Every structure is written in structure tokens, then in C-alpha cells.
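K.L.:
Sequence first, then the predicted structure:
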Amino acid sequence: MSSYSILTLLFLFAALIVSSCTNTNSVSLEEHIATVEAEDVSEIKFRPHQFVGGQEAFFSELRYPDSARQRGVEGTVLLNFTVTEQGLPKNIEVAQTSGNRALDESAVRTMERMRFIPGVSNGERAAINATFPVIFRLN
């Protein structure tokens, strides 16, 4: 591997680390896709998808619906979705309802806004099916 390739990989790795530490709202969709497309994954055997900003990014964006909060409603929503090769969530569906429509809709809306570092399989970005529990608990 040439020194140019190594420097490019180091730069992309640093860019991913920096982007993972920022709020998902601060990166436009076009910037996110450009960053993902620039990443060289040819030597990665396998890497699962990851939230840009970690799971904390999801929960910092999640809003507890006022109607559910006022009535003391809690619950867990289980979401199924696909993370595309561009790091976008698609085909989001409620696999298991919380029993409260407002909680379910809040979980789906939040997932729609998320961005991911795409998964890699055999040196290529890959669409990966995922399941993610969203727990609504009042303190």
C-alpha cells in the first residue's frame, strides 16, 4: 500500500471520528453521502453500521410526546429498518408497538432523521437490516 493510500485512509478515519462527535443535524445529507462515498473500505472484512454520533445522537434527538408524558405513558418501541450503503435508514417499521401511537410515531420520526456510518461486508459497503429498541421511561 502506498504512502498516499495510507494518508488517505488516515484522513478518512479522522474525518469519520470528527463527524461521529458532531450532532447529526449539523451535517447536511449531501455532505454525509459525500463523506461516506469517499471512504475506502476495500480492506475492511466486516464492520457493522453505526450511528453517526453514537446511539447518544438518537436519544438526544428523541422527543417524549407531551400527550404521553402528561398521562404517564411509558413503553418500548421495537423498530426494524435497513441502513443503506449511503448510511441512510430506509423501510422503517414498527416491529413491536409500545401500545401508544404517539410513542411509536416519535420513535419512527427520530429514526428517519438519523445518519449512519454504513456497514461493510467483504470490502464493500452493504445494506444491513437492523432492529433497534426505543425505550420511553419517565424519570
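P.N.:
Cool, the structure landed. Residues are numbered from 1 along each chain as shown.
K.L.:
Give the buried residues for stretch 72-86.
P.N.:
Neighbour-count burial for stretch 72-86, counted by 16 or more other C-beta atoms under 10 Å, picks out Val73, Gly75, Val77, Leu78, Leu79, Phe81, Val83, Thr84, Glu85, Gln86. C-beta here means a position set from N, CA and C on the backbone, and glycine is covered the same way.
K.L.:
Restricted to strands, list those.
P.N.:
Gly75, Val77, Leu78, Leu79, Phe81, Val83 (DSSP state E).
K.L.:
which one is the fifth one nearest to, not counting chain neighbours?
P.N.:
Read that as Phe81. Of all residues beyond its chain neighbours, the one nearest Phe81 is Ile92 (4.2 Å), with distances taken as C-beta to C-beta, 6 or more residues apart in numbering.
K.L.:
Can you classify the one you found by secondary structure?
P.N.:
strand (DSSP: H, G, I helix; E, B strand; the rest coil).
K.L.:
dump the residue contacts of it.
P.N.:
Leu79, Asn80, Phe81, Val108, Met111, Glu112 (C-beta atoms under 8 Å, 6 or more residues apart in numbering).
K.L.:
can you redo those residues as JSON lines with pLDDT and distance to Pro133?
P.N.:
Below are the contacts of Ile92 laid out as JSON lines (pLDDT from 0 to 100; distance: C-beta to C-beta, whole Å):
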{"residue": "Leu79", "pLDDT": "98", "distance to Pro133": "8"}
{"residue": "Asn80", "pLDDT": "98", "distance to Pro133": "11"}
{"residue": "Phe81", "pLDDT": "98", "distance to Pro133": "12"}
{"residue": "Val108", "pLDDT": "98", "distance to Pro133": "13"}
{"residue": "Met111", "pLDDT": "98", "distance to Pro133": "12"}
{"residue": "Glu112", "pLDDT": "97", "distance to Pro133": "17"}
